[in-house]
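**Q** Everything below, folded, please.
(one chain, ligands or ions: 2)
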Amino acid sequence: MTIPLANPYMPYLLGSIDALPHYSAFFKKRLKGLVGPTMVSLLRHLPSQYHQYKQVTDLSKAEVGTRVIVNVTVDEHEKKSNKSPYLIYTHDSAGNLLVLSFFNGRATYLHRLYPTGGQRTVEGKLELYKQALQMNHPTCLGTVTTQASFTGLEPVYPLTEGITNVHMRKVIAEALKVRIMLPEWIPDHLMQHQGWPTWNQALRTVHVSETDVSLSARTKAQDRLAFDELYAHQLGLCLLKERHRRASVAPYTTDKGFLEQLSEATPFTLTQAQKQTWAEILKDMTHGARMIRLVQGDVGSGKTILAFWSLALAAHNGQQAVLLAPTEILARQHAATLANFAKALGFETALLIGAMKEKDKKLVREQLAQGQAQIVVGTHALIEESINFDRLGLVVIDEQHRFGVKQRHALISKGLNTHVLIMTATPIPRTLLLSNYGDLDISRLNEKPAGRQPIVTKVTSLEKIEAVVEGLVKALNEGQKAYWVCPLIDTSEESDLAAATARFKVLQAHLGEQVALLHGRMKPDEKDAIFQAFSQGAIRCLVSTTVIEVGVDVRDATLMIIEHGERFGLAQLHQLRGRIGRGDLASTCLLLYAPPLSFIAKERLETMRQTQDGFIIAEKDLELRGAGDVLGTKQSGIMAFRNADPLIHTQLLTLAHEKASDLIAQDPSLTTQAGESARLLMTLYGTFYELPEEVSHAPVSA
Ligand code: ADP
Ligand code: MG
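**A** Ligands and ions are numbered 1, 2, ... in the order given. Predicted structure coming up:
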């Protein structure tokens, strides 16, 4: 079996960008921030668009506003004052004046680039300024004689501060100097059918490093690279799933007494949808294969209890079980409710979150490793390497879209042949499911517990804030409880906090002790205390940043006020609104906005006002935002497809899924030539998730 690194080009491709000659460490650091750490990540940084330039000789015949390439002779440099732009006067071969204009241009540099009397080829957008033809910040393609190979097509890259498009073009040309030869990983018949170029050729084409790049060649090259990415991803998922499925697990057992105990420990009767899903889960876990099941259910549909029942079933079968939550508040809340539930059944539970004292964490680690803790709830802290289990049997992941494949996998592989149950409120369309999960079994909770009243949603201008505060005071006097959520101002937590603090002070003047501030920076104990007080009613209004977004459950909270609702995405608004209307009281959601509203913001708020249906909202969200954001992966940078978009390349995605399943079915250990090439692709694209060897073989006893 050849290992991918034995291919002589792999060390180069997987090597660090630091190996690029001619660039400063500072520049490379920025470049890495933009494209990723390796040469292959650089090569996969594809242009987002292309500018077409037209070669002209007589500028008077060219259209103003178009992009042109023209040979000019340099006449004179001029810098009038500190504030005025740096100007270079030139003329074309027909004698037309062309002014090149630079803001912040450095004289020495520009004199070197455009010496007076010299002939240069420049490309840029033709503009008319004070009666003269002008180009702002043109690109100098060199002297008239050295630019013969130019195609007229300029790739335009996504950039970052300190890296210009010219830099990107040069750096990528440098990286492409090596002619990379890799075995083909796409099946022959597919290559022929699609007429795709090789990987190396495709890269050269999209980066326009070849001279004869036609539009159709570029499209094929782009498709191929999109397919490569989707295929790598699907191969990784199929491989995981294949190993997951192949492993046999001793079937869990249940008995009538235990099932009765579960019902007794639950303060309500399950809805029909919950019963159905539970039956599916039970079937999975008692049939001797590993479960990988996704439970989709809108906010408030009651997913948590299914998680609890599953955890209890694992514990009942002598296994340890984990509930992974995306935020500390949610983990604490789950732990608190779970502790009551588990006590009734006689199981030991534990909590593990990053903010705990090292001493306490150590204790939990020991309890997990030795097996005393049967059920543990926690955050990312559970994924850390130092966490070991005695006999992990089930992993439940709440609000799954917050975690990536790698994180999920890291936790799952802490056990032998663990069952996996994932919960999400995001109604993910099938295409996206396929792209993020491969195929898994799906249960849908399409019904909410009885007695819920619809939430009234109102959209109000922030100009009416005084009336809103008055209304709030009145509502609280009537015994209601309210959330007041402050906006995301930018990516910095500090400014969000400042806004929330300011709002808190204003409300405090009206509400005194009844109002409290909650934010991500607080110590866990403080957060807990405030949350407790809110649950129990000593505090009646909670001002917070979006820390309460996910999963928090206070049943008698009936008012949700969201400030600057126009700054939130639809999924987020839906999640936030899902914090109210959880009991049988009537609830109101108030979306405050600052006028004027953009078209998209208006659409979002209007959608919220019209519907409470998570599926409709998700569809609208998809339409307004695009795929990555719906899964929340863009922000967290998890799934991050770079060359493909599951929404645009839907067919390629299906194709990639089929081909990957076929290959893994035929060659699960990747020992054929096709398998080896696939492994190489996965290594190159970072989707080859190593599994500890014994996981795929060791039998497990319950
Ligand atoms: P989500 O699906 O958003 O995670 P939760 O599991 O937090 O929803 O449930 C929302 C609320 O509904 C909780 O207070 C929970 O106790 C309650 N609940 C769940 N199932 C039922 C049911 N079958 N009958 C009554 N209340 C229920
Ligand atoms: Mg939940």
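**Q** Which residue ranges make up the domains of this protein?
**A** Following automatic domain parsing, one gets these domains for the chain: 1-45+159-210, 49-156, 227-449+629-702, 455-611.
**Q** and ligand 1, which of these is closest to it?
**A** Among these, domain 227-449+629-702 comes nearest to ligand 1, with 2.9 Å by C-beta to the nearest ligand atom. (Glycine included, C-beta is placed from N, CA and C.)
**Q** roughly how far is the closest one from the heart of the chain?
**A** 18 Å (C-alpha atoms, centre = their mean, to the nearest Å).
**Q** Okay, helices next: where are they in the stretch 401-550 of the chain?
**A** All helices of the stretch 401-550 of the chain, identified by DSSP state H, counting those that start in this stretch, fall at 405-412, 430-437, 465-477, 493-511, 524-536.
**Q** TSV for the domains of the chain, including distance to ligand 1, mean pLDDT and mean neighbour count?
**A** Converted to TSV, these look like this (distance: least, C-beta to the nearest ligand atom, whole Å; pLDDT from 0 to 100; neighbours: other C-beta atoms under 10 Å):
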stretch	distance to ligand 1	mean pLDDT	mean neighbour count
domain 1-45+159-210	35	90	16
domain 49-156	41	88	15
domain 227-449+629-702	3	84	19
domain 455-611	4	87	18
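**Q** now those in TSV, with distance to residue 619?
**A** Output for the domains of the chain, formatted as TSV (distance: least, C-beta to C-beta, whole Å):
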stretch	distance to residue 619
domain 1-45+159-210	30
domain 49-156	28
domain 227-449+629-702	8
domain 455-611	10
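**Q** Indicate which one of those domains is closest to residue 219.
**A** The closest of the domains of the chain to residue 219 is domain 1-45+159-210. By C-beta to C-beta, the value is 9.5 Å.
**Q** nearest to residue 332, of the helices of the stretch 401-550 of the chain?
**A** Among the helices of the stretch 401-550 of the chain, the nearest to residue 332 by C-beta to C-beta is helix 524-536 (6.2 Å).
**Q** Not counting its own residues, what contacts the closest one?
**A** Helix 524-536 has contacts (C-beta atoms under 8 Å, 6 or more residues apart in numbering) with 328-329, 332-333, 353, 355-356, 481, 516-518, 522, 539-540, 542, 554, 557.
**Q** Now, those residues that are in strands?
**A** Mapping these onto strands (DSSP state E) picks out 481, 516, 517, 518, 542, 557.
**Q** Would you format the residues you listed as CSV with distance to residue 183 included?
**A** Below are these laid out as CSV (distance: C-beta to C-beta, whole Å):
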residue, distance to residue 183
481, 63
516, 62
517, 59
518, 56
542, 59
557, 59
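**Q** Let me know the closest of those to residue 610.
**A** Closest approach to residue 610 among the ones in strands among the contacts of helix 524-536 (C-beta to C-beta): residue 557, at 22.8 Å.
**Q** Compare the helices of the stretch 401-550 of the chain and give me the one nearest residue 641.
**A** Nearest to residue 641, of the helices of the stretch 401-550 of the chain and by C-beta to C-beta, is helix 430-437 at 7.4 Å.
**Q** May I have the residues that are in contact with residue 128?
**A** Residue 128 touches 64, 134, counting by C-beta under 8 Å, 6+ apart.
**Q** Check residue 66 too.
**A** Contacts of residue 66 by C-beta under 8 Å, 6+ apart are 54, 125, 126.
**Q** Just to be careful, could you list which of those residues are in strands?
**A** Those of the contacts of residue 66 lying in strands (DSSP E): 54, 125.
**Q** Adding distance to residue 407, write the contacts of residue 66 out as JSON lines.
**A** Putting these into JSON lines (distance: C-beta to C-beta, whole Å) gives the following:
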{"residue": "54", "distance to residue 407": "50"}
{"residue": "125", "distance to residue 407": "45"}
{"residue": "126", "distance to residue 407": "51"}
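**Q** wait, which of the contacts of residue 66 is closest to residue 290?
**A** For the contacts of residue 66, the nearest to residue 290 is residue 125 (58.5 Å; C-beta to C-beta).
**Q** thought residue 198 was touching residue 183?
**A** No. Counting by C-beta atoms under 8 Å, residue 198 sits too far from residue 183 to count as a contact (10.1 Å).
**Q** Now residue 657. Nearest residue, chain neighbours left out?
**A** residue 234 (5.0 Å; C-beta to C-beta, 6 or more residues apart in numbering).
**Q** so what's the closest residue to ligand 1 within the stretch 601-702 of the chain up against?
**A** Distance from ligand 1 to each residue of the stretch 601-702 of the chain (C-beta to the nearest ligand atom) is smallest for residue 614, at 10.0 Å. The neighbourhood of residue 614, defined by C-beta under 8 Å, 6+ apart, consists of 298, 299, 425, 426, 427, 574.
**Q** How about residue 409: what's its closest non-neighbour residue?
**A** Once flanking residues are discounted, residue 409 sits nearest to residue 689: 5.2 Å by C-beta to C-beta, 6+ apart.
**Q** is it true that that neighbour lies in a helix?
**A** No. Under DSSP: H, G, I helix; E, B strand; the rest coil, residue 689 sits outside any helix and is assigned coil.
**Q** Which strand runs longest in this protein?
**A** strand 67-79.
**Q** distance between stretch 575-593 and the chain's centre?
**A** Here stretch 575-593 is found 26 Å from its chain centre; the criterion is C-alpha atoms, centre = their mean.
**Q** Straight-line length of it, end to end?
**A** 18 Å (C-alpha to C-alpha, to the nearest Å).
**Q** One more: stretch 153-167?
**A** 16 Å.
**Q** ok, residues contacting it?
**A** 27, 30-31, 33-34, 45-53, 67, 123, 139, 168-169, 206-208, 213.
**Q** How about stretch 251-270?
**A** Here stretch 251-270 makes contact (C-beta under 8 Å, 6+ apart) with 278, 282, 285-288, 302, 305, 308-309, 312-314, 316-317, 319, 341, 344-345, 449, 702.
**Q** hmm, 6 Å instead?
**A** 285, 286, 287, 288, 309, 316, 317, 341, 344, 345 (C-beta atoms under 6 Å, 6 or more residues apart in numbering).
**Q** Now render these as a markdown table, adding secondary structure.
**A** Output for the contacts of stretch 251-270, formatted as a markdown table (three-state DSSP):
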| residue | secondary structure |
| --- | --- |
| 285 | helix |
| 286 | coil |
| 287 | coil |
| 288 | coil |
| 309 | helix |
| 316 | helix |
| 317 | coil |
| 341 | helix |
| 344 | helix |
| 345 | helix |
